[in-house]
Every structure is written in structure tokens, then in C-alpha cells.
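Trainee: Generate a structure from the sequence data that follows.
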Amino acid sequence: MVKKFFTTSALAIALVASGGVGAAQAATPTVVPAGTNSLCSSSNWDVGVSQVARKYVKGNYRISGSPGTTLSIAVGTSSSVTGTVSVSATAEAGAIFAKASVTAGVSLAVGRTVTAQYTATATVPASGGYLELGAEGRSFAFVAKRYNNNCVLLEQHTGTGLGVTTTPYALTSWGGFK
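Mentor: Predicted coordinates for the structure are as follows:
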């Protein structure tokens with residue numbers, strides 16, 4: 001979408017000339033700040049994403065054993081993996097993850113099921129531990145803004161999120177990734 005920004009006086013003259021507003025309204029127009037992507041509609045969110053970093057996201061498939069036991073996650077094993085987002089409205093969560101996916105360059109979701117693409121094995125050390133199937137993820141910070149039809153800011157939320165990719169990872173509690 002191409003945006004054109006006009007001077008306040010040029011915008012006021014155009015609005016009055018078109019009959020869109022009276023002279024008093026045109027004297028103090030409310031415009032969207034430069035750099036926003038709002039369509040000036042209360043149903044659209046402008047989302048900015050920053051501080052994207054790779055993270056491991058825990059899954060719900062975990063096996064443990066006594067010291068010396070060999071643990072194994074076989075090809076085809078599935079695990080439910082859940083990320084997070086600190087927002088109050090569910091409608092904006094979709095917009096936040098859509099923008100985070102674009103910024104990170106990888107499809108992110110709040111949660112998904114991942115399936116092991118390889119067999120992961122590990123021998124439990126003397127201290128004990130577990131082998132877990134999770135996924136690669138991305139943590140990020142966001143700012144979400146929503147404007148009304150007059151381009152006046154209605155809501156603004158800031159927070160953090162953790163999105164899940166489709167890439168499965170096996171992790172040992174004692175030594176990292178397998």
C-alpha cells in the first residue's frame with residue numbers, strides 16, 4: 001500500500017473543498033502518525049515486532065529413567081508444544097503472530113503439534129534426567145495499536161511473545177539438544 005502524507009493546510013483545504021468536513025473540523029485534523037500501517041479502521045491492528053531471538057519451546061512429551069538407562073524418542077513421535085503471548089484480547093493475538101512470522105522469516109503459532117523427524121537417544125547420567133520432544137521457537141517483543149475510523153488511537157498493547165515453529169527438537173535435561 002502506498003501512503004501519501006499531506007501538509008495540514010493542504011489536507012484541510014481538500015477536506016473543506018470536497019464537502020467532507022466543515023472549516024472548523026478541517027483546522028485541526030487528526031492524522032495517523034508517519035510510519036504506521038493502520039487502515040484507520042477499528043478492526044485493524046498495527047503491529048510492530050522487535051527483539052526476535054531463537055528459543056527452545058518445551059513440549060508435553062517427556063520420558064525419564066534411572067541413571068544408566070538409555071532413553072529414546074522414535075521417528076513419528078508427536079508432542080504438543082505451546083508458546084505464549086501477553087495480550088488481553090484474543091483478536092490481536094492473530095495479528096501479533098502474523099507480524100512476528102513475517103519479521104522472523106518463519107511461520108510462528110501460539111501452539112502446534114510437532115513430530116520427531118529422527119530418532120533421538122541419550123543415556124541418563126548418574127544425576128538423573130529426562131529426554132523431551134519440543135520445538136524451535138522465537139521470542140519477541142511487540143507493540144499493537146488500533147485506531148478508529150478518524151485515525152485516533154483507541155488501544156495500545158505492548159508485551160512479549162514466544163512463537164512455535166514446525167521444527168522439532170529433542171532436549172536432554174542434563175546436556176542440551178540431541
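Trainee: switch to C-alpha atoms for all contacts and neighbour counts from now on
Mentor: OK.
Trainee: Then Pro67 would be within a helix, right?
Mentor: No: under the criterion used here (DSSP: H, G, I helix; E, B strand; the rest coil), Pro67 is coil, not part of a helix.
Trainee: Tell me which residues touch it, please.
Mentor: Applying Cα atoms under 8 Å, 6 or more residues apart in numbering to Pro67 gives the contacts Thr123, Val124, Pro125, Ala126, Ser127, Gly128, Gly129.
Trainee: Taking those together, which two end up most distant?
Mentor: Thr123 and Ser127 (11.2 Å; Cα to Cα).
Trainee: Same drill for these two, tell me which one is more crowded.
Mentor: Thr123 (18 against 9; other Cα atoms under 10 Å).
Trainee: That one contacts Thr70, doesn't it?
Mentor: Yes: the criterion here is Cα atoms under 8 Å, and Thr123 meets it with Thr70 at 4.2 Å.
Trainee: just to revisit the earlier point, export the contacts of Pro67 to JSON lines and tack on distance to Thr160, secondary structure and pLDDT?
Mentor: Shown next, in JSON lines, are those (distance: Cα to Cα, whole Å; DSSP: H, G, I helix; E, B strand; the rest coil; pLDDT from 0 to 100):
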{"residue": "Thr123", "distance to Thr160": "36", "secondary structure": "strand", "pLDDT": "95"}
{"residue": "Val124", "distance to Thr160": "35", "secondary structure": "coil", "pLDDT": "95"}
{"residue": "Pro125", "distance to Thr160": "35", "secondary structure": "coil", "pLDDT": "95"}
{"residue": "Ala126", "distance to Thr160": "37", "secondary structure": "coil", "pLDDT": "94"}
{"residue": "Ser127", "distance to Thr160": "34", "secondary structure": "coil", "pLDDT": "91"}
{"residue": "Gly128", "distance to Thr160": "33", "secondary structure": "coil", "pLDDT": "92"}
{"residue": "Gly129", "distance to Thr160": "30", "secondary structure": "strand", "pLDDT": "93"}
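Trainee: Of the residues you listed, which qualify as buried by neighbour count?
Mentor: Burial by neighbour count, 16 or more other Cα atoms under 10 Å: within those this picks out Thr123, Val124, Pro125, Gly129.
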